[in-house]
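S.K.: only geometry, no sequence info:
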C-alpha cells in the first residue's frame with residue numbers, strides 16, 4: 001500500500017510538472033466520453049461498478065508479472081482479459097473506457113513521463129485500443145487485432161522516445177523499427193498466446209449471457225452479439 005501511494009504521489013507530481021501530459025490524458029478521456037454519448041451508452045451505477053472491478057483485476061494481474069523485460073514491459077497472466085470481456089459484453093466503447101482507465105492506473109503504479117505523446121503511447125492508448133477488440137464478432141480475431149494495435153503503440157513509443165536503448169547500429173532508420181518491433185513484440189506475443197488459451201477454456205457464452213443480463217438495455221450496442 002505504501003509503495004502504491006508513493007508511486008501515485010510521484011505520478012501526480014510529474015503530471016502537475018508536465019501539464020501537457022495531463023491535458024493529453026483529459027482530452028483522450030473526453031473523446032471516449034463523447035463516443036459513449038454518441039453511441040447512447042448508459043453508464044449506469046452497476047456498469048460503472050463492473051468497470052471499476054475490471055480495472056482493479058487488470059491492475060492486480062499486471063502487478064504480479066510472470067516475466068519483466070529489462071527496459072520496460074512484462075508478460076502477465078492475461079492482464080488485459082477483463083478489458084476484452086467488457087468490450088464483448090457491453091460494446092467496444094465500454095471496453096475502450098475500461099482500457100483507458102487501466103492505462104491511467106498503470107501510469108500511477110509506475111510513472112515514467114518524458115513527453116505528453118510518450119505518456120499516451122505508453123499508458124492509456126495501448127490498453128484503450130485493446131477494447132477495440134469488441135468491434136469484431138469473433139473473440140479470437142478481436143483479441144489478436146486488439147493486441148496488435150496495442151503493440152503498434154508500444155513500437156511507436158520505442159522508435160520515437162527510446163532509441164538510445166537500441167544496440168549500436170540500430171538506433172535509427174529501419175534498424176530501429178526492427179529493434180522496437182522485436183523487443184515489444186516478444187512480450188506482447190507471449191501475452192497474446194496466454195490470452196487466447198484462456199479465452200478457449202473459459203465458458204465464454206455463459207459468461208457473456210450472465211453479464212449482458214445484468215444490463216439488458218445498456219445501449220444499442222449491447223443487443224449485438226459480439227461473440
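M.R.: That came in fine, so what should we check first? Just so we're clear, the structure is a prediction, and the values are computed from it rather than from any experiment.

S.K.: helix or strand: which one has the residue sitting nearest the centre point of the chain?
M.R.: When Cα atoms, centre = their mean is applied to the chain, the residue found nearest the centroid is residue 127 (1.3 Å). Following DSSP states H and E, the helix or strand that holds residue 127 is helix 124-130.

S.K.: what residues sit buried inside that helix?
M.R.: Residues of helix 124-130 classed as buried by neighbour count (16 or more other Cβ atoms under 10 Å): 124, 125, 126, 127, 128, 129, 130. Just so you know, the C-beta spots here come from the backbone N, C-alpha and C atoms, and that holds for glycine as well.

S.K.: which is the next helix or strand following it?
M.R.: That would be, after helix 124-130 and using DSSP H and E, helix 139-161.

S.K.: packing partners of that next one?
M.R.: helix 81-90, helix 116-122, helix 124-130, helix 173-201 (3 or more Cβ pairs under 8 Å, 6 or more residues apart in numbering; DSSP states H and E).

S.K.: and the angle from that helix to helix 81-90?
M.R.: Put simply, helix 139-161 runs at 130 degrees to helix 81-90, going by axes from the mean of the first three to the mean of the last three Cα atoms, to 10 degrees.

S.K.: what about helix 139-161, average pLDDT?
M.R.: Mean per-residue pLDDT for helix 139-161: 96.

S.K.: next, the angle helix 173-201 makes with it.
M.R.: Using the same axes, to 10 degrees: helix 139-161 against helix 173-201 is 150 degrees.

S.K.: could you pull up phi and psi at the residue lying farthest from the centre of the chain?
M.R.: Residue farthest from the centre of the chain, counting by Cα atoms, centre = their mean, is residue 169 at 31.7 Å. Main-chain torsions, residue 169, degrees, to the nearest 10: phi 100, psi -10.
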